[in-house]
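1. Following is a predicted model, sequence given first.
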Amino acid sequence: MTPLTTLQQISIWLVPILFAITVHEAAHGWTAYRLGDNTAQRLGRVTLNPIKHIDIVGTIILPIVMLLLSGFMFGWAKPVPVNWHQLHNPRRDMALVAIAGPVSNLLMALFWAMIAKIGWVLADNVPYTLFLFYVGGAGVFINIVLALLNLIPILPLDGGRVLHSLLPLRVAIPFGRLEPFGLIILLALFFIGVLNYVLFPAVIFVYIQFAYLTGIPSEMFMLLQILLQHG
């Protein structure tokens with residue numbers, strides 16, 4: 001396979017990233033709105049317009065830097081504001097609002113897997129459709145990473161919100177006080193290797209399941225990932 005140029009890599013990763021973070025945040029806002037909080041709706045954040053969700057660092061600067069350094073793009077969007085006190089049942093609904101983000105990413109991963117399959121099936125007969133395979137494979141990977149990363153039970157990640165809502169109040173209150181240090185904890189776990197040790201095998205496992213569900217050989221998804229990272 002011909003190595004990908006930087007411009008080709010950008011075009012392959014950019015669309016799935018924008019869709020992933022946009023749908024993720026919109027899912028939070030839509031779920032909160034359905035459960036009684038209209039904060040995100042009033043601010044125009046219950047939308048699939050990516051411009052409304054762009055974070056300068058997480059959506060623009062970091063993905064470009066990561067692509068130049070590693071051949072892989074990743075990022076995040078502005079968090080959707082939620083007023084927990086407006087929810088019908090704040091503790092229960094906090095978990096539902098939080099879990100909506102990762103669930104939306106898993107659904108997006110399934111969508112991109114089907115796109116990848118279409119590109120793979122048509123690649124030999126229809127010009128340029130192999131590009132769909134590349135984009136679809138990147139979309140599957142990005143959405144699985146985003147879903148599983150957000151399920152880590154550390155505030156302010158979605159998994160932390162779910163855990164916070166399930167804990168008894170006597171434990172939830174001190175746990176909530178750790179939120180300002182959440183990013184530091186996450187970075188520490190990353191640099192000492194714990195995050196990679198736990199997250200990477202989970203991502204690969206789920207990635208292969210999506211390949212199996214859509215009928216694409218899992219080896220081709222692994223080959224695609226190597227190509228995109230080192231192209």
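-> That came through fine.
2. Give me the helix or strand of the protein that scores worst on average pLDDT.
-> Lowest mean confidence among the helices and strands of the chain (mean pLDDT, DSSP states H and E): helix 218-230, at a mean of 57.
3. For the residue most central in space within the chain, which non-adjacent residue is closest in space?
-> Residue closest to the mean C-alpha point of the chain, counted by Cα atoms, centre = their mean, is Leu146 at 2.5 Å. Spatial nearest neighbour of Leu146, chain neighbours left out: Asn105 (4.9 Å); criterion: Cβ to Cβ, 6 or more residues apart in numbering. For glycine as for every other residue, the C-beta is placed from the backbone atoms N, C-alpha and C.
4. what about Leu155, is that helix, strand or coil?
-> coil (DSSP: H, G, I helix; E, B strand; the rest coil).
5. Leu132 is in contact with Ile115, correct?
-> Yes. Contact criterion Cβ atoms under 8 Å: Ile115 and Leu132 qualify, at 5.6 Å.
6. Would you map the helices across the protein?
-> Counting by DSSP state H, one finds helices in the chain at the ranges 6-34, 39-42, 62-70, 90-122, 130-150, 158-166, 169-176, 182-191, 194-213, 218-230.
7. Show the average pLDDT along the longest one.
-> The predicted model gives helix 90-122 an average pLDDT of 92.
8. buried sites along that helix?
-> 90, 93-106, 108-120 (16 or more other Cβ atoms under 10 Å).
9. Could you list every helix and strand in contact with that helix?
-> The contact analysis (3 or more Cβ pairs under 8 Å, 6 or more residues apart in numbering; DSSP states H and E) places helix 90-122 against helix 6-34, helix 130-150, helix 158-166, helix 194-213.
10. returning to that earlier point: for the helices of the chain, state which one has the densest average packing.
-> The highest mean neighbour count among these, using mean count of other Cβ atoms under 10 Å, belongs to helix 130-150: a mean of 23.
11. any idea how far that helix is from the chain center?
-> Averaged C-alpha coordinates place helix 130-150 at 9 Å from its chain's average position (Cα atoms, centre = their mean, to the nearest Å).
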